[in-house]
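1. Okay, structure incoming, though there's no sequence with it:
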Ligand SMILES: O=C(O)C1=C[C@@H](OP(=O)(O)O)[C@@H](O)[C@H](O)C1
Ligand SMILES: C=C(OP(=O)(O)O)C(=O)O
């Protein structure tokens, strides 16, 4: 999957599908296993570029990672060691930020970098609180941007109050807390995804949750088996397409249903889509099957505590909103501006060029619909979610084509996306 693509599919979408493993859970499974006192087995690990970056990073720190049938086995080293070379996190913000927390405690010098997109994404949000724990880190452009240089140092247990709900920052600090001299607490303004808390606890770490505050006691996790559910953020493209394309009905099987990630299901219901959720027995993370059937949609308001629960789904929600009657308003989503691209700008520009009625705010947007979309040429800007969202937008272009200038980025999180979409569209392009 390289270079440009002309999309000319037709709906409706019909059928059942599985999506690859959850990206957030996959990163954590590799990284936490690398810190553990005994080997771990991971089933359902996402095979995509972002997780590949975390895999190479933990190998550079001394872990051995092997594919063994349906499992990926991680053998942790006695102690993590100074990487011999610069650690390239590619396009992955999660890899870079979580690694800052771990490397802060690894003796020696580490350098973290990434692709052109990642090198434009802010890191001060992890540097400043880690420094309060005694960590020694530096970054480019006045400590704002990667590459990041880290020199391992003794860390102090510290209480942090975050201004932004960010699971990456929370996780980086909790990981640093595992190596500190006393408990570390992280309090956030709204709950961000809590995979770190659940997995560390499952691996025997002493961790207490009190409302929006999480406290970790220093110590090493023990290895175990991690079951990775399908990624609801990947399923979102197909669920949103099905909700808005008349005659569609799709089922996403075995997707993660962690409540800190299911904001999209609330929004689909609020907009009028028919949604059926069938939970399966939990294996670490909650999971189940989700069926979405098209229905006339109406606009909704997305703000406050809901936003972190669907932050990565907002680009495709913007597409869906163009097909809903009335106004959809997204607020409190300034974070979209510092993802793989400025997603408010990328999506606002692409949808407006396709004929949508979009008004952008500093922290969100308003979209009035329904509007038929027209053909458009899209710059995907190294942003997988922009590429996949605009491939969905093409389904509403009434036979018109959407030109994506670069779809290689889809391999970041969902390499089989176009195959799954083709199949649900009846194989028709
Ligand atoms: O912790 C994680 O796995 C992630 C947290 C979110 O980022 P922030 O922590 O910056 O909100 C999300 O957008 C990203 O895709 C994955
Ligand atoms: C923001 C994302 O990931 P990351 O921050 O890990 O690059 C994403 O996958 O949408």
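-> In hand now; what should we look at? All figures in this text were calculated on a predicted structure; none of them were measured in a lab. Numbers count the residues shown, from 1 in each chain. Ligands and ions are numbered 1, 2, ... in the order given.
2. Whichever residue of the stretch 1-150 of the chain sits closest to ligand 1 and residue 195, how far apart?
-> For the stretch 1-150 of the chain, the nearest residue to ligand 1 under the criterion Cβ to the nearest ligand atom is residue 24, separated by 3.2 Å. To be clear about C-beta, it is placed using only N, CA and C from the backbone, and glycine gets the same treatment. Distance, residue 24 to residue 195, by Cβ to Cβ, to the nearest Å: 5 Å.
3. how much space between the residue of the stretch 1-150 of the chain closest to ligand 1 and residue 323?
-> Distance from residue 24 to residue 323, by Cβ to Cβ: 28 Å.
4. and what of residue 264?
-> In this view, residue 264 and residue 323 are 16 Å apart by Cβ to Cβ.
5. Can you read off the backbone torsions of residue 277?
-> The phi and psi torsions at residue 277 (degrees, to the nearest 10) take the values phi -120, psi 120.
6. burial measure for residue 116, as a count.
-> 9 (other Cβ atoms under 10 Å).
7. what's residue 92 in contact with, if anything?
-> 27, 49-51, 53-54, 114, 118, 412 (Cβ atoms under 8 Å, 6 or more residues apart in numbering).
8. quick one: it from residue 15, how far?
-> Distance, residue 92 to residue 15, by Cβ to Cβ: 31 Å.
9. now swap in residue 25 and tell me
-> Distance of residue 25 to residue 15, computed by Cβ to Cβ: 25 Å.
10. can you pull out the helices in the stretch 101-250 of the chain?
-> When assigned using DSSP state H, counting those that start in this stretch, the helices of the stretch 101-250 of the chain occupy the ranges 124-132, 140-143, 167-178, 195-202, 232-244.
11. could you dump those helices to a markdown table with mean pLDDT?
-> Supplementary listing: the helices of the stretch 101-250 of the chain in a markdown table, determined by pLDDT from 0 to 100:
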| stretch | mean pLDDT |
| --- | --- |
| helix 124-132 | 98 |
| helix 140-143 | 97 |
| helix 167-178 | 98 |
| helix 195-202 | 98 |
| helix 232-244 | 98 |
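12. how about the ones you listed, which one is nearest residue 85?
-> Residue 85 sits nearest to helix 140-143 of all the helices of the stretch 101-250 of the chain, at 18.2 Å, using Cβ to Cβ.
13. any idea how far that closest one is from the chain center?
-> 25 Å (Cα atoms, centre = their mean, to the nearest Å).
14. And for stretch 331-350?
-> With Cα atoms, centre = their mean as the basis, the mean position of stretch 331-350 lies at 14 Å from the chain mean.
15. just checking, the residue of the stretch 1-150 of the chain closest to ligand 1 touches residue 198?
-> No. With contacts defined as Cβ atoms under 8 Å, residue 24 does not count as touching residue 198, sitting 11.0 Å away.
16. of the two, who's got more company?
-> Higher neighbour count among residue 24 and residue 198: residue 24, with 29 against 19, using other Cβ under 10 Å.
17. Report pLDDT for the more buried one.
-> Here the pLDDT value assigned to residue 24 is 99.
18. ditto for residue 399
-> As summarised for this prediction, residue 399 has a pLDDT of 73.
19. Which residues are in contact with it?
-> By Cβ under 8 Å, 6+ apart, residue 399 lies in contact with 8, 10.
20. Tell me if it really is in a helix.
-> No. When the secondary structure is assigned by DSSP: H, G, I helix; E, B strand; the rest coil, residue 399 falls in coil instead of a helix.
21. So the closest residue to residue 179 other than its chain neighbours versus residue 57, what's the distance?
-> On the basis of Cβ to Cβ, 6 or more residues apart in numbering, the spatially nearest residue to residue 179 that is not a chain neighbour turns out to be residue 105, at 3.4 Å. According to Cβ to Cβ, residue 105 stands 15 Å off from residue 57.
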